[in-house]
Structure formats: structure tokens, C-alpha cells
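Enquirer: Following is a predicted model, sequence given first.
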Amino acid sequence: MRAIILSICLLFCLNVHAQMFPHGEEFTRQDTLRGTITPERAWWDLQHYHLEVKVDPEAKSLSGKNTVRYKVLEAPNRMQIDLQPPMKLTKAEQDGVELDIEHDGNAHFVSMKAEQKIDEIKEVVLTFSGKPVEAVRPPWDGGLTWQKDSNGLPFIANANQGIGASIWWPNKDHGYDEPDQGVLMSVTVPENLMDVSNGRLVGTDHDKDAKTKTYHWEVKNPINNYGININIGDYVHFGEKYAGEKGELDMDYYVLRENLKKAKKQFQDAPRLMEAFEHWFGPYPFYEDSYKLVEAPYLGMEHQSSVTYGNGYMNGYLGRDLSGTGWGLKFDFIIIHESGHEWFANNITYRDVADMWIHESFTAYSENLFLDYFYGKEASKEYVLGTRAAIKNDIPIIGTYNVNSEGSGDMYYKGANMLHTLRQIVNDDEKWRSVLRGLNKEFYHKTVSTRQIENYISQKIGINLTPVFDQYLRDIRIPIFSYNLVDGKLNYRWENVVYGFNMPVKVFVGDKEFDLSPTEDWKSIDVRQKNVQVKVDENYYVGALNISGN
């Protein structure tokens, strides 16, 4: 009965043409199909993909097959496969038998014919073809990028985090379920080009008659769908071995032939980032699959074990310091930021895109931890405080669940400043480091929710941080430390906060330092000083208001 009721409720939601949510958003049936763990997704557990794709640069088209291996969890239902037009899912087969497909926009429902037992491992072979959406402004708008290098040779890549991997190949396009046993990618390209994808190159086939080469790349670890990538160009390779926490790590670099000299200089940031991030976050999560930096015809993305790079071989963000402090020019932003995602995005992955802050807040924060490791705590502080100028406080950082909806872009630097604030609350850098490393150990190769991350940090710090997370992730107001200094007493409280907000804070009264625990109610402390300046430690992302007017 419960299953019937749930099915009726879900059917009702799916058949509403458009739904209104808080903050004025409007979502369609297709958004719900994409963002929900539908019954057609829930009954099977993804085990492995073998993605075979032929790339035709002249026609800007793709064709191929995806063999989906899965484990049966419940009595079989129709299987939801996602593939966005103008790409077409032309056939689905199981054990040599063609299956019926019902097409519904971006979602395609495959009817299973054979009996399938719980815990049984089965495969479905999906055939697809078409001209995928071409990205206009990658990586933000998403799709395929078809460009040419300075020698006129094709230079092609995908970038599709927001729009989804189903923009170019058929898959289970929801963050909650990753292929437990990894992916094999077989990418066929013109023989004068090379494909670089995720994981390790395990073989190459050359069809001299067709004048093509097929590159086989294998990923051993679970991988999120949007992290699976193709990069096609006139690549040359160089690399090095890194002595990491888990042993020897292969670090490989693939760049356009014309940029080899510049890359050998600029990519020196790669072993530096590995040193800093293994210190702060724990071992690189994908030793089995290696680490790669791959030049791409757009700015860059965090594709797992195949980080793409297009920052023009310069420090900063296309030569700019996003913090305005000068520290942002001490490193190549794309190398550091996108590689930081190997820990937060690829190792620890959101179950729902509404929780994208888990990826972006921690990774934006990794920028100043890189500075901390190599240039010291003051440099780190100046950088993260400098990024506050980019914060808008427009809408909450957490988006709307079950409709494939991201939250505010403040997930980057407001999120980073929230984490920097938590570091002050802990007031013990080794303990804080153990929290960050512990996250990557506890949630190793897992998909997670915001609540899991919040609860883990609260537990390890030993403070209930729920009101703090509610304030910074689910509200747009900045806490105000309201105070007055009267006859040697400091009166203080929090204003502009969510119910129950009680975050501790450090305050300087004249030449004295106080660790306070304000609430929404007035409190007082005898500071035995008059007519002196009261200042909140600037490392806390809060405001201050002197209500006495003095």
C-alpha cells in the first residue's frame, strides 16, 4: 500500500506542467524527471559503463553504444535512461533481444522483458547517435566544444556539469548512483588525432582502412557522470612520478603540440597542489586511475583523473587575481581549483545538485589552504577575506531538491568564508585538518547529502553547528554582532540571524581579547575598559553594529 501511495504522489508531481518553489523558481516535468530518484531509477544499482563512441569532427556528430551493467535491487520496473535531444537513443537490447523504448523528452523508459531476480547482475546495451548540443560558453552553458588549434586541426571536448552528461551519451543521469566498478571508454577518432579520457590508457586500435584510431581508457573507481570526458586533439604527452601518501602516483600531462614548452613550465604547480592537498585533505583519492592535466578548448573542469585546463598558461584566473590581494597570482587558478575537486566533487560527490556547495565551497576554500601551505596563514587569510567582495547574498546557497536545481553562486566564496569561520571556531589547526581529512576518509568514493556533511563536522568539532549551517547555507542574511560598551561592560547579542543561532565569536575590546558565545538574547561581560574600540575578529564572516552610536 505504501508503495502505491508513493507512486500516486510521484505521478501527480510528474504530471504537473510547471511547479512553483520558494524564491520564485519554476520547474517543469522534465526537471522533475531529471532531478528525482524515480521508480524507474530506484530498482537498479549501477555497476559499470562501457561507453563506445565514434567522434566525427567534420559532421560534429557522435555515434556509439553504452553497455550498462547493473544489479537488481527490487522487482524490475521500466528502466529510465537519460539522453537529451537532438541526440537519439535508437535501440536498447538485453541478451540479444531488442527492448521497447518509450521516449519522453530527455527521459527514455526501457521495458524489461526477461525475468530479473533480486541481486542478479544484468546488462543493457544502448545504441545512440546524433549531433549533440554545441556549447556556446563552456563550461558554464555545457555541451560539446568543436574548435581547431593554430594548425587547423580539430580540438574537441565536452563540459557538461550543469546540463548533464546525457547531453551527449545515454546514462543514468542523477548524482546519487555512480558505477561502482568504474567505466571503460573506447573513443574512436581520426587517426591523426588523440583522445584523452579518464583513468589509464589500456589499449589503442588502429583501423588503417577507416583511417581512425580507438583509444581505450579504463577507470577503476566509481565516477560521477559529469566527470566522464573526451578530449580530442593533436596532443603530446609528458609526465612525472609523485611520491605521495599512498605510494608512487603517476602524473601525466597532455597538451597541444604547440604549447609543450609553456606547459612544462606552468604545470609545475601540479606536484605542488598534490603536496598541499594531501596534507590538508588526505591521500589523492584515485591512485589506481592516475592524475592527469589535459589541455581543453575552454577554461577548465574537474573531470575525475582527467582534469581539463584552458587558463592560457598564466597564473591567476586568466591572469586576474580574484581576491584582489595579489596572492591569487601566486598560483594557476585552474590547476589548483579544478584539481581540488578531486577530493570535493569526485571523491565526495553530492547526491542532489542542490547540494553543489559540497563541491564548490570546499574547493574554493582549497585555494587559500594551498596558499596557507606554501606562503603561510596570513597569506591564506588575506586571500579568503579578499574574495568576500564577490559575495552577493542573493539567494540561498542550497538549491531546490529533486528538480536538478543549483543554489546561489555564493556557494564558492561565501561557502569558503563559512569554512574559514569554522576554522576559527575550532581554534586548533591540527584538529581542523583532521576534520577535512576525516571527511575524505569517512565519505571515500561516496555520494552524500548536506546533512551528512553537517553532522560529521558538528560531531568531530564537538559543537552543534546546525544553526550555523542554516544561517550560511539556507539563509541570505549575514549575522550581525550587535553591541554597546557602557560603564566598562560590554553588552552584546546576535541579530539578523536564524532561530537558535549561537555561534561563538572572538572579539577585541581595546587591547583585550574575548571569546564570546552570543545568542539572540542580550548578554553582558565586564571588560573593565571605557571609551575603547570594539572589533570583531575579521576572520569571522559576520557584521558588527554599535548600537550606542559611540
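Expert: Received, thanks.

Enquirer: contacts and neighbour counts: CA atoms only from here.
Expert: OK.

Enquirer: residues in contact with the residue nearest to Glu74 when sequence neighbours are not counted?
Expert: With sequence-adjacent residues excluded and distances taken as Cα to Cα, 6 or more residues apart in numbering, Glu74 is closest to Trp43, at 4.9 Å. Applying Cα atoms under 8 Å, 6 or more residues apart in numbering to Trp43 gives the contacts 72-77.

Enquirer: By neighbour count, which of these wins?
Expert: The most crowded member of the contacts of Trp43, judged by other Cα atoms under 10 Å, is Pro76 (20 neighbours).

Enquirer: Tell me the secondary structure at it.
Expert: Using DSSP: H, G, I helix; E, B strand; the rest coil, the structure places Pro76 in coil.

Enquirer: I'd like to know which of the contacts of Trp43 is nearest to Thr363.
Expert: Leu73 (34.2 Å; Cα to Cα).

Enquirer: quick revisit: where does the residue nearest to Glu74 fall, phi/psi-wise?
Expert: The phi and psi torsions at Trp43 (degrees, to the nearest 10) take the values phi -80, psi -10.

Enquirer: So which residues of the stretch 201-350 of the chain form helices?
Expert: Ranges of helices in the stretch 201-350 of the chain, per DSSP state H, counting those that start in this stretch, are 260-266, 269-281, 333-340.

Enquirer: Render the CA-only coordinates of the last one in PDB, please.
Expert: I take that to be helix 333-340. The C-alpha coordinates for helix 333-340 follow below in PDB (Å, rounded to 0.1, in the frame of the first residue of the first chain):
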ATOM      1  CA  PHE A 333      43.800  29.200 -10.500                       C
ATOM      2  CA  ILE A 334      42.500  26.400 -12.800                       C
ATOM      3  CA  ILE A 335      45.200  23.900 -11.900                       C
ATOM      4  CA  ILE A 336      44.600  24.400  -8.200                       C
ATOM      5  CA  HIS A 337      40.900  24.900  -8.100                       C
ATOM      6  CA  GLU A 338      39.900  22.100 -10.600                       C
ATOM      7  CA  SER A 339      42.300  19.700  -9.000                       C
ATOM      8  CA  GLY A 340      40.900  20.500  -5.600                       C
END
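
Enquirer: which stretches of the chain have low pLDDT?
Expert: 1-24, 549-550 (pLDDT under 70).

Enquirer: Please enumerate the helices of it.
Expert: Along the chain, counting by DSSP state H, helices occupy 2-15, 29-35, 39-42, 260-266, 269-281, 333-340, 357-375, 377-386, 413-426, 429-442, 450-461, 466-474.

Enquirer: Show residues contacting the longest one.
Expert: Right, helix 357-375. By Cα under 8 Å, 6+ apart, helix 357-375 touches 273, 276-277, 280, 327, 333, 336-338, 340-341, 344-345, 348-350, 377-381, 383-384, 397-398, 411-417, 419-420, 450.

Enquirer: same check, this time on the third one
Expert: Taking Cα under 8 Å, 6+ apart as the criterion, the residues outside helix 39-42 that touch it are 7, 73, 77-80, 109, 172.

Enquirer: May I see the buried residues of that helix?
Expert: Residues of helix 39-42 classed as buried: 39-42 (neighbour count, 16 or more other Cα atoms under 10 Å).

Enquirer: cool, and the fourth one?
Expert: Buried positions in helix 260-266, judged by neighbour count with 16+ other Cα under 10 Å: 260, 263, 266.

Enquirer: same for it, what does it pack against?
Expert: Helix 260-266 sits against no helix or strand, with contacts defined as 3 or more Cα pairs under 8 Å, 6 or more residues apart in numbering; DSSP states H and E.

Enquirer: Run the chain-centre distance for that helix.
Expert: 27 Å (Cα atoms, centre = their mean, to the nearest Å).

Enquirer: which other residues reach that helix?
Expert: 236, 255, 313-314, 332.

Enquirer: mind giving me the domain split of the chain?
Expert: When the chain is parsed with automatic domain parsing, its domains come out as 41-311, 480-546.

Enquirer: end to end, how far does stretch 472-480 reach?
Expert: Length of stretch 472-480, first residue to last, Cα to Cα, to the nearest Å: 13 Å.

Enquirer: so Arg493 touches Val505, yeah?
Expert: No - judged on Cα atoms under 8 Å, Arg493 makes no contact with Val505 at a distance of 10.9 Å.

Enquirer: before we move on, the earlier item: what about burial for the contacts of helix 39-42, which qualify?
Expert: Applying 16+ other Cα under 10 Å to the contacts of helix 39-42 flags 73, 77-80, 109, 172 as buried.

Enquirer: Let me have those residues in CSV, adding distance to Asn231 as columns.
Expert: Converted to CSV, those look like this (distance: Cα to Cα, whole Å):
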residue, distance to Asn231
Leu73, 35
Asn77, 36
Arg78, 33
Met79, 30
Gln80, 28
Phe109, 30
Lys172, 22
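
Enquirer: Between which two of those residues is the distance greatest?
Expert: Across the buried ones among the contacts of helix 39-42 (Cα to Cα), the longest gap, 17.7 Å, separates Leu73 and Phe109.

Enquirer: leaving aside the residues next to it on the chain, what's closest to Phe469?
Expert: Of all residues not flanking Phe469 in the chain, Glu454 sits nearest, at 7.2 Å (Cα to Cα, 6+ apart).

Enquirer: Now for the one you found: which residues touch it?
Expert: 465-466, 469.

Enquirer: Nearest spatial neighbour of Asn539, chain-adjacent residues omitted?
Expert: Spatial nearest neighbour of Asn539, excluding adjacent residues (Cα to Cα, 6+ apart): Thr421 at 6.2 Å.

Enquirer: can you tell me how far the one you found sits from Lys530?
Expert: 29 Å.

Enquirer: More neighbours: these two, which one.
Expert: Neighbours were tallied for Thr421 and for Lys530 using other Cα under 10 Å; the higher tally belongs to Thr421 (19 against 14).
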